[in-house]
Structures are given as C-alpha cells and as structure tokens.
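[1] Mind looking at a prediction? Sequence and model below.
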Amino acid sequence: MKIQIIGAGLAGLSAACALTEAGHQIMLSEAAPQAGGRARSYFDKQLGCRIDNGNHLLLSGNKDALRYLRRIGAEHTLTGPDEANFPFHDLKTNRGWTLRLNHGRIPWWIAAPSRRVPGTRLADYLALKRLLQARPGDLVEPLVGHGPLYERLLEPLAIAALNTMPDIAAAQPLGAVLAETVERGGFAALPRWARLGLSESFVDPALAWLQQRGAELRFGERVTHLPRTSRQSWRFRPGLRKS
C-alpha cells in the first residue's frame, strides 16, 4: 500500500518509519523546507551557532519515543544521569531545591523532606492520584488545587508536558504522562536529552533511514488537494522557503 503522510514533524516521521517498517510505500510531504517541526536544530545567523528549536526533554519511561529512536538507530545519541534528580530554582524567591525520586515503584521519596518539594506535606501528594484518575472534562488546576506542590511542581510540569496553561489544560493527558513515568518509579523518570542536537538525534537519522528504504520525501510543498478516488491525484503548491 502507498501511504501519504502530511507533515514531517516528529509525529509524521515516526508514522513514516513505522509504516515503512511494516512494508508500506511512503510519501512524506512537508510545507516547510525542512523536517522536525518544533523539535529540530538550525543555524542561527545572528548568534553564529547551531541551536535547538526549543527545549525538549525525554524521560526513560517515554517508551514510544525511545522505540522510535531505536528503530532509526539513534538511541545512543541521548545522554543523561543515572538518578531521577530534577533541580529547580524559583526566580521569585531566589530559592533552589532538587526533587529526588527513588528508583522503585513505592514512592517513599514523598516521605523524605530532603527529596520532595519544599513546603509540601504528605497529604499534598494525593493530587498526583487525582491526576492519575482524571476523567474527561477535568482540568489540571481545578482538579489539583493550589499550594506549594502545584506552584512548584505541577504547574511547570503541566506547561512543559502539555504546552498549555493548567487552568485550561485537560488533566487526563498529564495523568498519562505521570502514569508512564513517575508512577512507575524513578527508573522510568530518568532525564534524557540529545547529546549533540535535536536534529542529530530525532530528525537526520530518520530521514536517512527512510531514504535508504525508498521513501519519497517532499519538502517546501504544501498539500492543497486530497484525492477522493484512485483516479484523482494529489495536488501541491510551494510551501515555506528558507530565508
């Protein structure tokens, strides 16, 4: 089967690789002049150096993302610590602390004041359970309420994971993030990031992998018509161009 994928962000690249591995013929179209979407590297003329487009962090429990990297032979391009430690710094109070998760599934770290969020009590962490049990329509902020745990951990986590402010962000997706990582223990929450750059880990190896297997890659072309029958064809027009 020949399958057309529109968009060469990480979702499009991952779908293209999985379908190619399953034996399908792929045509991948992207309106921008390059692949990667919001997770790529580029050369900044003003700074005179190559930088990443945004800050992206994986956790060791992000199984689908790691499976994608293994498929394209790029898992070795990640690096990170052997402990699930997360340093924080509050710019308002100029106070810093480090969240330290234990490796096992039993979260005894919440019982240790030196490991948990400062100013929190054991009862505050019931908010994590509410997120794990969130129902459709639940929003993050109304569900968990305010307090040190929300302000110092859950609010920044929700913004980072969902790219949406917590007062309007759905709670179920954040609960899914917690279920995949923190709930499983610190071994599933080890920070991982690209050793060289986002493109070098997530984009370039995927493009090379697809090209080696005969996938058709089209950049700088925007799809303008989706065929409804086999007699019709795809239509394109020029997309974004490099400046």
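    Arrived safely. Since this is a predicted model, take the numbers as computed values, not measurements.
[2] Using CSV, write out the CA atom coordinates for the longest helix along the chain.
    As assigned by DSSP state H, the longest helix anywhere in the chain is helix 10-21. Extracted in CSV, the C-alpha atoms of helix 10-21 (Å, rounded to 0.1, in the frame of the first residue of the first chain):
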residue,chain,number,x,y,z
LEU,A,10,8.2,14.0,14.9
ALA,A,11,4.7,12.5,14.6
GLY,A,12,5.0,12.4,10.9
LEU,A,13,8.5,11.0,10.9
SER,A,14,7.6,8.4,13.5
ALA,A,15,4.5,7.3,11.5
ALA,A,16,6.5,7.1,8.3
CYS,A,17,9.2,4.9,9.9
ALA,A,18,6.7,2.6,11.5
LEU,A,19,4.7,2.2,8.2
THR,A,20,7.8,1.7,6.2
GLU,A,21,9.0,-1.0,8.6
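[3] who does the following helix or strand past that helix touch, helix- and strand-wise?
    Where DSSP states H and E defines the elements, the next helix or strand beyond helix 10-21 is strand 25-30. The criterion is 3 or more CB pairs under 8 Å, 6 or more residues apart in numbering; DSSP states H and E, and the helices and strands that strand 25-30 contacts are strand 2-6, helix 10-21, strand 216-219, strand 221-225. Every C-beta, even on glycine, is put in place using the N, C-alpha and C of the backbone.
[4] weakest of these in terms of mean pLDDT?
    Lowest mean pLDDT of these: strand 221-225, a mean of 78.
[5] May I have the strands that pair with that strand, each with its orientation?
    strand 235-238 (antiparallel) (DSSP bridges).
[6] Okay, now the unreliable bits of the chain?
    55, 225-226, 228-243 (pLDDT under 70).
[7] Which strands or helices does the longest helix of the chain pack on?
    strand 2-6, strand 25-30, helix 63-71, helix 204-212.
[8] Identify, out of the ones you listed, the most deeply packed stretch.
    Most buried of the helices and strands packed on helix 10-21, by mean neighbour count (mean count of other CB atoms under 10 Å): strand 25-30, with a mean of 20.
[9] Could you say which one of the helices and strands packed on strand 25-30 comes nearest to Asp52?
    When the helices and strands packed on strand 25-30 are compared for distance to Asp52 using CB to CB, the nearest one is helix 10-21, at 13.2 Å.
[10] tell me the angle the closest one makes with strand 2-6.
    Helix 10-21 runs at 170 degrees relative to strand 2-6, counting by axes from the mean of the first three to the mean of the last three CA atoms, to 10 degrees.
[11] I'd like the distance from the longest helix of the chain to the chain centre, please.
    Distance, stretch centre to chain centre, for helix 10-21: 16 Å (CA atoms, centre = their mean, to the nearest Å).
[12] okay, the helices and strands packed on helix 10-21 in a markdown table with distance to Gly54 next?
    Converted to a markdown table, the helices and strands packed on helix 10-21 look like this (distance: least, CB to CB, whole Å):
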| stretch | distance to Gly54 |
| --- | --- |
| strand 2-6 | 22 |
| strand 25-30 | 18 |
| helix 63-71 | 15 |
| helix 204-212 | 17 |
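[13] Asp124 - how many residues pack around it?
    Number of residues near Asp124 (other CB atoms under 10 Å) recorded here: 20.
[14] just checking, it touches Val144?
    No. In this structure Asp124 lies outside contact range of Val144 using CB atoms under 8 Å: 9.3 Å.
[15] ok, the spatially closest residue to Arg195 that is not a sequence neighbour - contacts?
    Excluding the flanking residues, the one nearest Arg195 by CB to CB, 6 or more residues apart in numbering is Thr79, at 4.6 Å. Under the criterion of CB atoms under 8 Å, 6 or more residues apart in numbering, the contact list for Thr79 reads 192-195.
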